[in-house]
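J.: return atomic coordinates for the entry below.
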Amino acid sequence: MSPRYRYGANSAGRVIAAVADIMALILGLWILMYLLDANRTNDFVQFVHDVARWLAGWSHDLFTFDEAWARVVAGYGLAAIVYLFVGHAIANRVHRVQRH
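T.: Predicted coordinates:
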């Protein structure tokens with residue numbers, strides 16, 4: 001296998017891992033903003049919330065804790081962990097498959 005081909009697979013793995021990291025970062029940022037009671041009328045806070053809500057659409061309100069902060073941490077946190085785990089697993093798989 002040519003070095004150029006392997007480098008391309010390595011780059012693809014890095015891109016996949018970076019996208020997963022960015023997704024988890026946005027979710028973590030929203031959790032932090034929520035816990036710190038960020039100003040929800042701020043455009044940046046609204047943007048982060050909208051993106052996080054879209055990313056965690058499948059896990060939003062998945063848990064029914066009595067406290068709202070616990071629902072936010074569990075729902076958005078679960079999505080962040082899943083994106084990190086799945087994204088890095090796919091990136092490692094791409095890297096391993098192309099190495100052989």
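
J.: C-alpha only now, for contacts and for neighbours.
T.: Fine.

J.: low-confidence regions, the protein specifically.
T.: 1-9, 98-100 (pLDDT under 70).

J.: all helices for it, in order.
T.: Ranges of helices in the chain, per DSSP state H, are 3-35, 43-55, 68-99.

J.: turn the ones you listed into TSV, columns for distance to Asp61 and mean neighbour count.
T.: Shown next, in TSV, are those (distance: least, Cα to Cα, whole Å; neighbours: other Cα atoms under 10 Å):
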stretch	distance to Asp61	mean neighbour count
helix 3-35	14	18
helix 43-55	10	16
helix 68-99	6	18
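
J.: can you put these in JSON lines and add distance to Leu62?
T.: Shown next, in JSON lines, are the helices of the chain (distance: least, Cα to Cα, whole Å):
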{"stretch": "helix 3-35", "distance to Leu62": "15"}
{"stretch": "helix 43-55", "distance to Leu62": "13"}
{"stretch": "helix 68-99", "distance to Leu62": "6"}
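
J.: burial measure for Leu36, as a count.
T.: 9 (other Cα atoms under 10 Å).

J.: backbone phi and psi for it, please?
T.: phi -90, psi 10 (degrees, to the nearest 10).
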